[in-house]
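>>> Sequence first, then the predicted structure:
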Amino acid sequence: DPYSSDPPRHPALRVNSQKPFNAEPPSLILSENYITPTAFFFKRNHLPVPKVDPAAYRLEIEGLPNGPVSLSLDELKTRFPKHTVTATLQCAGNRRSEMNRVKQVKGLDWGIAAISNATWAGARLRDVLLAAGYVPGGTVRHVQFEGLDKDVAGTTYGASIPLRKAVSEEGDVLLAYEMNGEELPADHGFPVRAVVPGTVGARNVKWLGKIVLSEEESSSHWQQNDYKGFSPCTDWDTVDFKSAPAIQELPVQSAITQPEEGSVVDRSLEEVTVKGYAWSGGGREVVRVDVSLDGGQTWQVAQLRGASEEGQEDAPSPPLGQAWAWKLWELTVPLPEDAQELEIVCKAVDNGYNMQPDSVAPIWNLRGVLSNAWHRVRVTVSE
Ligand code: MTE
Ligand code: MO
């Protein structure tokens, strides 16, 4: 069993698939912790977790003008300044289950918690590439990442990001060896993973073994024939994966973590507190979350809680275009007097005034990715 050496996991995770291991935390955990505790951070593996000996580990870098470069873990840690970034990671398939309810899609049936927030530390990819001899101005367009995890045929996980993101001073792309102040855990890519803030989870390659600078995107299945968006009219007979770009930045997103779908709200409390998360890709900052208790007819503005409100007092508000971390939000509202049921809805707005679509059907796609419609939760009010 290639999965026999997978690490132990927290029993409270909601497991989507055991082999490979895919799991999300109970969604309440997300809004209770600005930084998601590592044990509860969602886990998305396509393959068995590789066992990597840190002493023997090498990071190979290819496609450089002066030939390949190979770095040990120690060199990565000592030759480059350690840079720390708090960034939210979201799987392209987060909230896929809502698409499945409209019409069946292919993929893991994620709820709303295939998203988590962590503080990552490592070398900046930019620093490493420049030290390795990369010079701007050539024909390189993409930076490919190869994982050390392999399928039975020996194919490794791979993905790529645009060169521009990889070498940008403001891009904050990390070769991370720490997560939440500790060594990167096995499930999250020990000993080194790419952290590409603002970019879909799939490009944040774990157990990073090789970096290739190239004119081409990664040729991997996950770059070419997966993680792309399509029209609702596209089905598996007509889909042409070449016709759509690989997902990189993700669209604006938010969801309600509390109260939970189907729960009962106590009328005698006379008010209800609604909580959730909101985030947008590409470093765009969430500037507002609107909440409705009546299915979207009337709205109120929730209170946003960024890093500084969440106990990280020294965290300045992020520079424009570098809002990598989510905002938690909450709103306490009086219960409407005669309501027996509430349809609670949330929608977020980012600093580009991008907003979430109001329903799922118009954004339905066969792979169930980019599911970011207004999130709706139905609850009953007890007498
Ligand atoms: N990297 C490797 N090597 N293998 C993988 O299966 N999964 C990707 C990405 N990096 C994956 C990978 C996907 S699809 C996601 S959403 C994120 O890792 C999940 O990261 P996490 O498990 O740390 O939450
Ligand atoms: Mo993912």
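Good, I have the coordinates. Numbering: from 1, shown residues only. Ligands and ions are numbered 1, 2, ... in the order given.

>>> May I have the residues that are in contact with Trp222?
Under the criterion of Cβ atoms under 8 Å, 6 or more residues apart in numbering, the neighbours of Trp222 are His46, Tyr157, Gly158, Ala159, Ala202. For the C-beta atoms, the positions are set from N, CA and C on the backbone; glycine is no exception.

>>> ok, and which of the residues you listed reach ligand 2?
Contacts with ligand 2 within those, counted by Cβ under 5 Å from the ion: Ala202.

>>> Most neighbours of all the contacts of Trp222, which one?
Neighbour counts for these, by other Cβ atoms under 10 Å, peak at Ala159, which reaches 28 neighbours.

>>> how about low-confidence regions in the stretch 51-200 of the chain?
For the stretch 51-200 of the chain, applying pLDDT under 70 flags no range at all.

>>> Dump the contacts of Trp222 to a markdown table, plus distance to Thr88 and secondary structure.
Output for the contacts of Trp222, formatted as a markdown table (distance: Cβ to Cβ, whole Å; DSSP: H, G, I helix; E, B strand; the rest coil):
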| residue | distance to Thr88 | secondary structure |
| --- | --- | --- |
| His46 | 21 | coil |
| Tyr157 | 21 | strand |
| Gly158 | 23 | strand |
| Ala159 | 18 | strand |
| Ala202 | 15 | helix |
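
>>> from the contacts of Trp222, which is closest to ligand 2?
Ala202 (4.7 Å; Cβ to the ion).

>>> Gln90 is in contact with the closest one, correct?
No: at 10.1 Å, Ala202 does not count as touching Gln90 under the criterion of Cβ atoms under 8 Å.

>>> the domain parsing of the chain - what is it?
Listed by automatic domain parsing, the domain ranges of the chain are 14-243, 253-382.

>>> Pick out the residue of this structure closest to ligand 2.
For the chain, Cβ to the ion, closest residue to ligand 2: Cys91, 3.3 Å.

>>> Correct me if wrong: that residue contacts Arg203.
No: using Cβ under 8 Å, Cys91 is not in contact with Arg203, being 11.2 Å away.

>>> So for Ala315, what's the pLDDT?
pLDDT for Ala315: 59.

>>> Check the gap between the residue positioned nearest the centre of the chain and Leu64 for me.
For the chain, the residue nearest the mean C-alpha position is Gln90 (1.6 Å; Cα atoms, centre = their mean). Separation of Gln90 from Leu64 (Cβ to Cβ, to the nearest Å) stands at 31 Å.

>>> Could you look up the SS state of Lys51?
The three-state assignment at Lys51 reads coil, by DSSP: H, G, I helix; E, B strand; the rest coil.

>>> before we move on, what about Thr332?
Assignment for Thr332 (three-state DSSP): strand.

>>> what's the answer for Ile161, then?
With three-state DSSP as the criterion, Ile161 reads strand.

>>> again, but for Ala121
Per three-state DSSP, Ala121 ends up strand.

>>> That one - how many residues pack around it?
The local packing of Ala121 (other Cβ under 10 Å) involves 20 other residues.

>>> which one is it nearest to, not counting chain neighbours?
Glu178 (4.0 Å; Cβ to Cβ, 6 or more residues apart in numbering).

>>> Against His83, how distant is the one you found?
Glu178 sits 11 Å away from His83, going by Cβ to Cβ.

>>> For the two, list the residues in contact with both.
Ala121, Gly122.

>>> pLDDT below threshold where in the stretch 201-350 of the chain?
Residue ranges of the stretch 201-350 of the chain with pLDDT under 70: 307-316.

>>> what residues are up against whichever residue of it sits closest to ligand 1?
Proximity of the stretch 201-350 of the chain to ligand 1 (Cβ to the nearest ligand atom) peaks at Gly201, 2.5 Å away. By Cβ under 8 Å, 6+ apart, the contact set of Gly201 is Arg44, Leu89, Gln90, Cys91, Ala92, Ala114.

>>> what's the answer for Val360, then?
Glu98, Met99, Arg101, Val102, Ser371, Ala373.

>>> Can you flag the buried ones in those residues?
With neighbours counted by 16 or more other Cβ atoms under 10 Å, the contacts of Val360 contain buried members at Glu98, Met99, Val102, Ser371, Ala373.

>>> Can you tell me how far Pro68 is from Glu24?
To Glu24, Pro68 is 38 Å away according to Cβ to Cβ.

>>> Between the two, tell me which one has more neighbours.
Applying other Cβ under 10 Å to Pro68 and Glu24 shows that Glu24 carries more neighbours, namely 26 against 13.

>>> Could you verify my assumption that that one touches Asp109?
No: using Cβ under 8 Å, Glu24 makes no contact with Asp109, being 10.3 Å away.

>>> Need the residues touching each of these two.
With Cβ under 8 Å, 6+ apart as the test, Glu24 and Asp109 both reach Asn16.

>>> still on that earlier bit, among the contacts of Trp222, which one sits closest to Ser214?
Proximity of the contacts of Trp222 to Ser214 (Cβ to Cβ) peaks at Gly158, which lies at 11.4 Å.

>>> The closest one contacts Gln144, doesn't it?
Yes: Gly158 is within contact range of Gln144, at 6.4 Å (criterion: Cβ under 8 Å).

>>> With that, I have no additional questions.
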